[in-house]
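# Fold the stuff below for me.
(2 chains)
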Number of protein chains: 2
Amino acid sequence: MTIQFAITALTTVLGDRLSVAKPDLEAHGASETHFPPAPPDAVAYPLDTDEVSQIMQICNEHDCPVIPYGAGTSLEGHTLAVKGGVTIDLGRMNRLLAVNAEDMDVVIQPGLTREELNTELRTTGLFFPVDPGANATLGGMASTRASGTTAVRYGTMRDNVLALEVVLADGRVIRTGSRARKSSAGYDLTALFVGAEGTLGIITELTLRLHGQPEAISSAVCSFDDIGDAVNAVIATIQMGIPMARIEFIDADTTRACNAYSGTDMPEVPHLLVEFHGSDAGVAEQAERFGEIVQDMGGTGFKWSAKTEERNALWDMRHKAYYACVALRKGATAVVTDVCVPISRLAQAVEETRADIAASPIPGPILGHVGDGNFHAILLVEPGNEAEMKTAKDLSNRMVERALAMGGTATGEHGIGIGKLDYMPAEHGDGWDVMGDIKSVMDPKYTLNPAKVVRPT
Amino acid sequence: MTIQFAITALTTVLGDRLSVAKPDLEAHGASETHFPPAPPDAVAYPLDTDEVSQIMQICNEHDCPVIPYGAGTSLEGHTLAVKGGVTIDLGRMNRLLAVNAEDMDVVIQPGLTREELNTELRTTGLFFPVDPGANATLGGMASTRASGTTAVRYGTMRDNVLALEVVLADGRVIRTGSRARKSSAGYDLTALFVGAEGTLGIITELTLRLHGQPEAISSAVCSFDDIGDAVNAVIATIQMGIPMARIEFIDADTTRACNAYSGTDMPEVPHLLVEFHGSDAGVAEQAERFGEIVQDMGGTGFKWSAKTEERNALWDMRHKAYYACVALRKGATAVVTDVCVPISRLAQAVEETRADIAASPIPGPILGHVGDGNFHAILLVEPGNEAEMKTAKDLSNRMVERALAMGGTATGEHGIGIGKLDYMPAEHGDGWDVMGDIKSVMDPKYTLNPAKVVRPT
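Now for the predicted structure:
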């Protein structure tokens, strides 16, 4: 009954902004990928930090789980209410609070999405670069330490969150970090909450770094017969200090999927898609030097362009690659993998994964952020086919084990949620217990997004 | 007697690598700046992680404080044994363990200094960019989240530590992070230990990001009558996306000090010192565009050069600026301040500080990392003059209060130690209690570098 007591108390505070309507519960209990639904008992729609604080106090008092929710685009079941409780939908806290153009930062509420933010910034000459593909909320992106196609140049959410306001489990509101560009003032609480997936507190305000809109952008495409050559081209480019803004790998299957989905006509071999940001002279120089490296490494079909429409078509295709891959198999459910390895091991990791998938009965196109050593296989499973699901999970396990053996990580950018929880002991050893210790002191009742990230109690 | 019991037990493990010789204790109990000496009861010189683990187990069992020690170059009394105990001098754990050139990372022990590392890397085409001026150990630089002149381009230690091996208070050894460029696998323990000043564990191994040695480097110098114009030139440069590798401000007093100390003949007005890294064409373009901005903003005397000897002379002068400033007043003790503010507030912060110092009886040249909004006043106090020390501390207080009111921080790069502890409540509010909670669960006996960073018990 503790959850019901909490709901009764919350109704007094929130009125009709506490919903127990079945469609609301179902919408908030669904997953983008293969996880079974787990709806909460109620959904709260707070309007400000003070309301979030009241919700947290009430839920803490009644031992009621709370799950933060942004746009629901996470891929590892982060927002599933596996222990029931109250989902806090932060979608109505989506205001841009301040643009500090001289300081190149912005203060926002967590429910603002990255596309909304960049639309607001259009006339400022500034932009927010982190781009996971989905139009996620920025609070959600911080909570999963998201990244995507531009991380090779601009970093991940870890690098682009300057400061946070966070409501703790007991309702206290703290501020971490500051608008200063750097600080050595004590423990880095900002970094602790970024990637904590709502298990240590709820983010209610973010200060983000902005970057200058580049004066010029050029993009390039080239193909390789061999993934090893493609990776060597990337390594050489990075070592020469050529500052790529994006460098994406798509394998032959993904290329085929994109051709079918976006109407392109690329040869069905592995490709690199690249973007350069800089001055007019700079991007031309960068593209030309990259072209020379591609040629040295046996790449073909290199062409570059500074034309906006060609570039937009290229990245539109890349952004739709996930949906293109899913469409390769009609009605399929996706198991999305997300390993990241040192770049020197990337070719081997991709090739061995490719061979594993080829020996299995399910399709699994591969694509990735090759400059970071991060890649995904989109494993396509027939819904309800238990044998195929087991095959997909076995393939995923092998990818993770291989990545860890290579000095990498089980998840480059998607996070733990419930999907990667079983890999935490292997990846962190006693470090996982340290995470549990921190959880135990910051959320002693284990009500914040329970059964995610740390060892379940 | 608990400390004595620990020392007896440690002698069994370490033999003559546990020292109680007075010169050793005094050397490890001294400070670079104005803090009174606080020697430990013993100094341990471990050779490997296993020995550090044994030391930690023994000290934990006997409630004996342990203080990690690198090169002793910290500025806020970080290594002072204010509660006695055992200083762990990591100077003999100074090996370079692996250079992974393709991955652009390096694995090292904590006692290696940044100059030693860059000497080792000389022939690899790679370098480690973080440069706080002093030839600190890299373990110490990680522990204080150090930065310096190159942070505007390459980031701080926060951005350049990929992974750590850490010995916890009870002797357990954990690994945080991995050699992957990014990860979303749980709490960011690497970021938690970076800047923790040895209060949560002892760093025994670091994996650091490396960067390609730039193909070309150009440097430039220019002067401004007015600090506001200088800062506006920097803001415009950053907003235009011109990638400066260094951009340093020195005020008229610092310029005078440098002229006297390094034999230069700059006009005694505020200066900007700038460096660009890139291709030959890139650095020429960057320097020229910066020169145009300087002219627009009323700067004079702009000249740039790609000549190595001119550049080395420039940065040699800048690196010696601290000693040049101290030499302005014969025999003086320095109180070094370290505030960091949003760059839009930097001119005001510097001007008001300048006015405060001018109205005081002590000299205080100002210099700073203007691209980060971080600056230092070197307040020069006559040794033993209590009134002057109080004046210096009052000036420092005012700088910190102003920085916090402007949305900045009490310390941009030097850390807390004992010198900035009193500012933690004002800067972090309840966030300081969260730091204390984390400390309490990770070091329940409060033996790790006690009386630093968190609220004393």
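# C-alpha only now, for contacts and for neighbours.
Will do.
# Write out the residues of the stretch 101-250 of chain A neighbouring chain B.
Taking Cα under 8 Å from any Cα of the partner chain as the measure of proximity, the stretch 101-250 of chain A contacts chain B at A:102-104, A:144-146, A:156, A:159, A:172-176, A:178-189, A:191-196, A:211-212, A:214-215, A:235, A:238-241.
# Following the chain onward from the strand or helix carrying residue A:245, which element is next?
Residue A:245 is part of strand A:244-250, with elements assigned from DSSP states H and E. Next along the chain after strand A:244-250, taking DSSP H and E as the criterion, comes helix A:252-262.
# Just the mean pLDDT for whichever helix or strand comes after that next one, thanks.
Using DSSP H and E, the helix or strand that directly follows helix A:252-262 along the chain is strand A:271-278. Strand A:271-278 comes out with an average pLDDT of 94.
# next one: stretch A:370-385
95.
# in that stretch, what counts as buried?
Across stretch A:370-385, burial judged by 16 or more other Cα atoms under 10 Å in any protein chain shown covers A:370-382.
# do stretch A:394-408 as well
A:395, A:396, A:397, A:399, A:400, A:401, A:402, A:403, A:404, A:406, A:407, A:408.
# just the strands in the stretch 151-300 of chain A please.
A:161-167, A:173-177, A:202-209, A:211-212, A:216-223, A:244-250, A:271-278, A:300-305 (DSSP state E, counting those that start in this stretch).
# okay, the buried residues of stretch A:394-408 in JSON lines with secondary structure next?
As requested, those are exported to JSON lines (DSSP: H, G, I helix; E, B strand; the rest coil):
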{"residue": "A:395", "secondary structure": "helix"}
{"residue": "A:396", "secondary structure": "helix"}
{"residue": "A:397", "secondary structure": "helix"}
{"residue": "A:399", "secondary structure": "helix"}
{"residue": "A:400", "secondary structure": "helix"}
{"residue": "A:401", "secondary structure": "helix"}
{"residue": "A:402", "secondary structure": "helix"}
{"residue": "A:403", "secondary structure": "helix"}
{"residue": "A:404", "secondary structure": "helix"}
{"residue": "A:406", "secondary structure": "coil"}
{"residue": "A:407", "secondary structure": "coil"}
{"residue": "A:408", "secondary structure": "coil"}
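# which one of these sits closest to residue B:54?
Residue B:54 has its nearest neighbour among those in residue A:407, at 26.7 Å by Cα to Cα.
# tell me the contacts of the nearest residue to the closest one once chain neighbours are set aside?
Distances taken as Cα to Cα, 6 or more residues apart in numbering or on different chains place residue B:179 nearest to residue A:407, at 5.5 Å, with adjacent residues excluded. Residues near residue B:179 by Cα atoms under 8 Å, 6 or more residues apart in numbering or on different chains: A:341, A:342, A:407, A:408, B:105, B:162, B:163, B:207.
# For the residue positioned nearest the centre of chain A, give me its contacts.
In chain A, the centroid-proximal residue (Cα atoms, centre = their mean) is residue A:146; its distance is 3.3 Å. When contacts are counted by Cα under 8 Å, 6+ apart, residue A:146 touches A:130, A:132, A:156, A:157, A:413, A:414, A:415, B:184.
# hey, which of the strands of the stretch 151-300 of chain A is tucked in deepest?
strand A:202-209 (a mean of 26; mean count of other Cα atoms under 10 Å in any protein chain shown).
# follow-up on the earlier one: state the pair within the buried residues of stretch A:370-385 that is farthest apart.
A:371 and A:382 (32.1 Å).
# quick check: domain ranges of chain A?
A:2-91, A:94-212, A:216-322, A:329-428 (automatic domain parsing).
# Could you identify which of those is most buried?
domain A:94-212 comes out most buried of the domains of chain A by mean count of other Cα under 10 Å, with a mean of 23.
# just how off-centre is it within its chain?
13 Å (Cα atoms, centre = their mean, to the nearest Å).
# repeat for stretch A:24-42
Distance, centroid of stretch A:24-42 to centroid of chain: 19 Å (Cα atoms, centre = their mean).
# any chance of the buried residues of stretch A:394-408 in TSV, plus pLDDT?
Below are the buried residues of stretch A:394-408 laid out as TSV (pLDDT from 0 to 100):
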residue	pLDDT
A:395	98
A:396	97
A:397	97
A:399	98
A:400	98
A:401	98
A:402	98
A:403	98
A:404	98
A:406	98
A:407	97
A:408	98
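# follow-up on the earlier one: out of the residues of the stretch 101-250 of chain A next to chain B, which sit inside helices?
Of those, the ones assigned to helices by DSSP state H are A:159, A:189, A:191, A:192, A:193, A:235, A:238, A:239.
# Give me the spatial nearest neighbour of the first one, chain neighbours excluded.
So that's residue A:159. Counting by Cα to Cα, 6+ apart, the residue nearest residue A:159 is residue B:159, at 7.5 Å.
# Could you do the last one as well?
Counting by Cα to Cα, 6+ apart, residue A:239 lies nearest to residue B:212, which is 5.5 Å off, once chain neighbours are set aside.
# in the sheet, who's paired with that neighbour?
Beta bridges link residue B:212 to residue B:126 when assigned by DSSP bridges.
# check contacts around it.
Residue B:212 neighbours (Cα under 8 Å, 6+ apart): A:238, A:239, A:240, A:241, B:104, B:125, B:126, B:127.
# Wait, the last one touches residue B:118, no?
Yes. Under the contact definition of Cα atoms under 8 Å, residue B:127 touches residue B:118, with a separation of 5.8 Å.
# tell me how far the helix or strand hosting residue A:378 is from the chain's mean position?
Element membership of residue A:378, judged by DSSP H and E, is strand A:374-381. In terms of Cα atoms, centre = their mean, the centre of strand A:374-381 is set 14 Å apart from its chain centre.
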